[in-house]
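Q: sequence and computational prediction follow.
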Protein chains: 4
Amino acid sequence: MTPSDTGDKRRLLLDAAAALFRQQGFEKTSVSQIVKKAGVAQGTFYLYFPSKAHLVPALAQSIIDHLLIRLHVHAEGRFATLEDLVETLIRDTYAVTEEHRELITFCYSGMGYFQTASQWEAIYAPYYAWLEQRLLELRQAGLMECDSDLVYTANFVVGVLEQGAENFFVFGGDRKYLDSSRQQLQSFLLRALRP
Amino acid sequence: MTPSDTGDKRRLLLDAAAALFRQQGFEKTSVSQIVKKAGVAQGTFYLYFPSKAHLVPALAQSIIDHLLIRLHVHAEGRFATLEDLVETLIRDTYAVTEEHRELITFCYSGMGYFQTASQWEAIYAPYYAWLEQRLLELRQAGLMECDSDLVYTANFVVGVLEQGAENFFVFGGDRKYLDSSRQQLQSFLLRALRP
Amino acid sequence: MTPSDTGDKRRLLLDAAAALFRQQGFEKTSVSQIVKKAGVAQGTFYLYFPSKAHLVPALAQSIIDHLLIRLHVHAEGRFATLEDLVETLIRDTYAVTEEHRELITFCYSGMGYFQTASQWEAIYAPYYAWLEQRLLELRQAGLMECDSDLVYTANFVVGVLEQGAENFFVFGGDRKYLDSSRQQLQSFLLRALRP
Amino acid sequence: MTPSDTGDKRRLLLDAAAALFRQQGFEKTSVSQIVKKAGVAQGTFYLYFPSKAHLVPALAQSIIDHLLIRLHVHAEGRFATLEDLVETLIRDTYAVTEEHRELITFCYSGMGYFQTASQWEAIYAPYYAWLEQRLLELRQAGLMECDSDLVYTANFVVGVLEQGAENFFVFGGDRKYLDSSRQQLQSFLLRALRP
DNA sequence: CATGAATGAGACTTCATTCAT
DNA sequence: GATGAATGAAGTCTCATTCAT
């Protein structure tokens, strides 16, 4: 074993699991396949995870982390206009959804393996918090409607974004309508959020 | 065999499966459990379904059918106003989502068992068609914005509705906010759809 | 049902079974397949055969019948010489073995399904009786050795004939040696049987 | 686990399978029975054999090995006379056929499980090679007819030997005729092979 | 920490046979 | 005689998990 392998067996296992779940889903992937791909022994798996099901929250977390990192890149500071925010949200949600299409399906299908529903909420919380904060800033600048409760509004916005993106990347919508989908989505959100 | 039994073994199996999937999910439910609950022999299952996986599309279909029946009940004729439509959509979507909460999770998790993505789309198609038609009628009556493409708009509306409802019933949101959730959702949709 | 079908269901079932056993062997062929191919109902099978296993002796019988019919065709009367008999035996054994190659394998593999070993002997008995009679006639005409017990001799002759033929048709011997095989077989038998 | 157990699970399984096939044939023997008799767990079977069918060639090989070992014991050197050879062949073929009667049936019935016919030929090849060599030696010593092609002759000899022996041990011929069967067989072969 | 052979419960599915019509 | 839906025992094989090394 090379020094670089030492101690990163957990990472090795997670990556192998992610790759296999991506291709075959959770149930059709066996621990044997995971350890083989990770290059560790069968028993070693249980040194790092109490059971196969404990992989699901761990993986879901790392996918959402991915999404958040991407969004933060485009939004270090505040957004100048509502249009800016909406455009960024659409671009990044579509990009991340496309990139992780299989893992999103996996997260849905794996939801049953979360110990509690709140575990799932906890994973999403930072995303909502970030979005609420951005909306608040725009409202304070008079760039957004000011009647709604931002907690709900953020939730609804995420709902439309995911619906739009998944339509294409998860349920195989026709790509030639991708651009119009984005434009229509933009208009829809702007109508709902504009002052 | 009494006449009433004739031909309803398929129904018996489907109902038993739905009940068990509700409690334990797809993977943890065995065909043995299903036939026991349905009160038929093991082999009888395979007279009606080629395999356990073939239950998934069949069940998803019956949930959506449920939703559509409910919506049609409330909407025999046209809707007089946009507010009417939105209120009905919210009420029925929330009701059906609550009623079928576990089966919705099941549908997500079962998505992998659909032979093709189009099978899933086919199930949803009548719902979208119905909603587009209603929106069109309102637009023609001058009661709705008239810039958007209704195909997309219908899609986005369903996205927000499901996001809102699932927040409570699937992900265990706090019920005391249920009413404000509905009101906020109503406002959000009206802003997006109003002329 | 046409009049011509009436009463020949047994034949229909046997033919269907033979065809399927030929392709897939006894164990891999199900009664469902047989009745489907025969065009009768599932339960009808058990009107004609007490069980699936009872098909085996019935089929073996009809194969041997085939062989006997063929031999009788070539030997309505007596054989003029030992050479005539041996030549006929070789030609017909090879022909029938080639024609029924898969069913011969089937008979071997089905042997375990005979209720008694004597059932198998009974099937072969007319063949042996016919051959013994021919050998006796030749011996009486002074055209064959006269020391051996014809019961055994007939048995040994059949053994060599089947060994020779099966070598080609069951165990895929190289066909280009087929003619020499027949010639060698003829010489071998003539040496063993000649006065 | 004691050292003596190490690595012999495959042998344990093979022996258990042989014993059961002997009694009940291949199809009527289940993997459950095999592992129970071998004293290992169900899953362990599949650590050593990809499927139940993979037992057949492995076992057929070990039976033929048995026969060859026995023949070699009686025939280290050459045979002094044709009579010697024929007598030995008859004695050993009868003995081995009697000893392995059920496994011979099994080999026939298992033939369908060989991947290729040549797999079966390969198993028999050493037997034929040994016999051809003995015949050649006798011919060179002028003790055998010298017209025939020994490849075929060896094949025919085996055919008669097996036919004679199986008549008694596989198809339950009457044992009181066993001795005359041997004598008649000896005469038959000597007539066919003598110079 | 790490290994991997062994475990054994249990999954899905098949199929010979029955019986009410 | 004919039907075919229903039966349920039994089969093969998988796989998460353990434990002696």
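A: Great, that's in hand.
Q: near chain C, which residues of chain A are found?
A: Contact residues, chain A versus chain C (CB under 8 Å from any CB of the partner chain): none. Yep, even glycine has a C-beta here, placed from its N, CA and C like the rest.
Q: and the residue of chain A nearest DNA strand E?
A: A:Gly43 (1.7 Å; CB to the nearest atom of the strand).
Q: in chain A, which residue is most central in space?
A: Nearest to the mean C-alpha position of chain A, by CA atoms, centre = their mean, lies A:Ile64 at 3.8 Å.
Q: work out for me the element that one sits within.
A: Assessed by DSSP states H and E, A:Ile64 sits inside helix A:55-74.
Q: buried ones in that helix, by neighbour count?
A: Using 16 or more other CB atoms under 10 Å in any protein chain shown as the test for burial, helix A:55-74 gives A:55-57, A:59-60, A:63-64, A:67-68, A:70-71.
Q: low-confidence ranges, chain A, go.
A: Within chain A, the ranges that satisfy pLDDT under 70 run A:1-7, A:73-77, A:103, A:105-118, A:170-173.
Q: helices of that one, residue ranges please.
A: For chain A, the helices defined by DSSP state H occupy A:9-24, A:31-38, A:45-48, A:55-74, A:82-99, A:101-110, A:117-140, A:150-169, A:178-193.
Q: in CSV, list those helices along with distance to B:Ala141.
A: Output for the helices of chain A, formatted as CSV (distance: least, CB to CB, whole Å):
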stretch, distance to B:Ala141
helix A:9-24, 48
helix A:31-38, 58
helix A:45-48, 62
helix A:55-74, 40
helix A:82-99, 29
helix A:101-110, 38
helix A:117-140, 33
helix A:150-169, 25
helix A:178-193, 19
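Q: tally of neighbours for the residue of chain A closest to DNA strand E?
A: Other residues within reach of A:Gly43, judged by other CB atoms under 10 Å in any protein chain shown, total 8.
Q: quick check: closest non-adjacent residue to A:Leu131.
A: Closest residue to A:Leu131 apart from its sequence neighbours, by CB to CB, 6 or more residues apart in numbering or on different chains: A:Ala154 at 4.5 Å.
Q: what is the burial count for that neighbour?
A: For A:Ala154, the neighbour count with other CB under 10 Å is 21.
Q: pretty sure it is touching A:Leu138, no?
A: No. Using CB atoms under 8 Å, A:Ala154 is not in contact with A:Leu138, being 11.9 Å away.
Q: domains in chain A, by residue range?
A: Chain A is divided into the following domains under automatic domain parsing: A:3-49, A:54-193.
Q: about what we covered before: how far away is the residue nearest to A:Leu131 from A:Ala18?
A: Remark: distance between A:Ala154 and A:Ala18 (CB to CB, to the nearest Å) = 28 Å.
Q: A:Glu121 too?
A: Look at A:Glu121 and A:Ala18: by CB to CB, they are 22 Å apart.
Q: which positions in stretch A:136-145 come out as buried?
A: A:138-139, A:143-145.
Q: ok, the nearest residue to A:Glu27 once chain neighbours are set aside - how many residues close by?
A: Of all residues not flanking A:Glu27 in the chain, B:Glu27 sits nearest, at 5.2 Å (CB to CB, 6+ apart). The tally of other residues near B:Glu27 (other CB under 10 Å) stands at 15.
Q: if we can go back for a sec, from the buried residues of stretch A:136-145, which are also near chain B?
A: Counting by CB under 8 Å from any CB, the members of these near chain B are A:Glu145.
Q: which among the buried residues of stretch A:136-145 gets closest to chain B?
A: Set against chain B, the nearest of those by CB to the nearest CB is A:Glu145 (6.7 Å).
Q: quickly note the distance from the residue lying closest to the closest one once chain neighbours are set aside to A:Thr88.
A: In space, and not counting its chain neighbours, A:Glu145 is closest to A:Pro195: 5.2 Å by CB to CB, 6+ apart. Distance, A:Pro195 to A:Thr88, using CB to CB: 19 Å.
Q: re earlier: of A:Glu121 and A:Ala18, who's got more company?
A: A:Ala18 (20 against 15).
Q: any part of stretch A:62-74 near chain B?
A: No. On the criterion CB under 8 Å from any CB, stretch A:62-74 is out of touch with chain B, staying 14.2 Å away.
Q: give me the distance from that stretch to the chain's centre.
A: Put simply, stretch A:62-74 sits 8 Å off its chain's centre (CA atoms, centre = their mean, to the nearest Å).
Q: hey, C-alpha coordinates of it in CSV?
A: Output of stretch A:62-74 as CSV, limited to C-alpha atoms (Å, rounded to 0.1, in the frame of the first residue of the first chain):
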residue,chain,number,x,y,z
SER,A,62,-21.6,15.2,-1.3
ILE,A,63,-23.9,15.8,-4.3
ILE,A,64,-25.6,18.8,-2.7
ASP,A,65,-22.2,20.1,-1.6
HIS,A,66,-21.2,20.0,-5.2
LEU,A,67,-24.2,22.1,-6.2
LEU,A,68,-23.6,24.7,-3.4
ILE,A,69,-20.0,25.1,-4.3
ARG,A,70,-20.9,25.8,-7.9
LEU,A,71,-23.5,28.4,-6.9
HIS,A,72,-21.2,30.1,-4.5
VAL,A,73,-18.6,30.5,-7.3
HIS,A,74,-21.0,32.5,-9.3
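Q: neighbours of the residue in chain A positioned nearest to chain C, just the number please.
A: Chain A approaches chain C most closely through A:Lys28 (27.3 Å), counting by CB to the nearest CB. Number of residues near A:Lys28 (other CB under 10 Å) recorded here: 11.
Q: next, give phi and psi for it.
A: Reported as degrees, to the nearest 10, the phi and psi values for A:Lys28 are phi -80, psi 0.
Q: please name the residues that touch the residue of chain A closest to DNA strand E.
A: By CB atoms under 8 Å, 6 or more residues apart in numbering or on different chains, A:Gly43 lies in contact with nothing.
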